[in-house]
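Chemist: Sequence below, structure please.
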Amino acid sequence: MPANPREVDRLRRIRDQQLHARDPLIKQRKLDHTIASKHRRARAGFSFVTMWREIPHQWRGAVVGGLVGLAGMLIVPEVIPESWGTCLGMAAFPFAALLGFMIGRYEDAKEDVTDLIP
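Modeler: Below you'll find the model as predicted:
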């Protein structure tokens, strides 16, 4: 039997780690936690706001840009009555949707980088 108190503490820690690793209730607790969280999520009501927040920024940006482009597609031909107005209005939709997508992609990348920094 070791007489050194450090050695006794080290052996006690090793024994505790081994017992903790063999604890059969760890998996059961983890399973219970997973089931409980799924039940909580299932009981929560559906919300469009929550759904909108869970969509990645790049797709939210594309939708918002598409709506802005659609507004531009309807307004520009009224302001510029020539055929140039129609062409500009038609170009406004894909341009605004692409711009919104790229801005949203930037926001997602910025969040990914901040998640990586401790």
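Chemist: rest of the way, CA atoms for contacts and neighbours
Modeler: Fine.
Chemist: buried set for the longest helix along the chain?
Modeler: In the chain, with assignment by DSSP state H, the single longest helix is helix 83-116. Buried residues in helix 83-116, defined by neighbour count with 16 or more other C-alpha atoms under 10 Å: 85-86, 89-90, 92-94, 96-105, 107.
Chemist: tell me what that helix is packed against?
Modeler: helix 57-79 (3 or more C-alpha pairs under 8 Å, 6 or more residues apart in numbering; DSSP states H and E).
Chemist: care to break this structure down by domain?
Modeler: 5-43, 48-116 (automatic domain parsing).
Chemist: got a markdown table for these, with mean pLDDT too?
Modeler: Shown next, in a markdown table, are the domains of the chain (pLDDT from 0 to 100):
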| stretch | mean pLDDT |
| --- | --- |
| domain 5-43 | 85 |
| domain 48-116 | 88 |
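Chemist: Surely V79 and G89 touch.
Modeler: No. The pair V79 / G89 is not scored as a contact, 10.1 Å apart, by C-alpha atoms under 8 Å.
Chemist: what is in contact with those two at once?
Modeler: Residues touching both V79 and G89 by C-alpha atoms under 8 Å, 6 or more residues apart in numbering: none at all.
Chemist: what's the angle between the longest helix of the chain and helix 57-79?
Modeler: With axes from the mean of the first three to the mean of the last three C-alpha atoms, to 10 degrees defining the directions, helix 83-116 sits at 160 degrees from helix 57-79.
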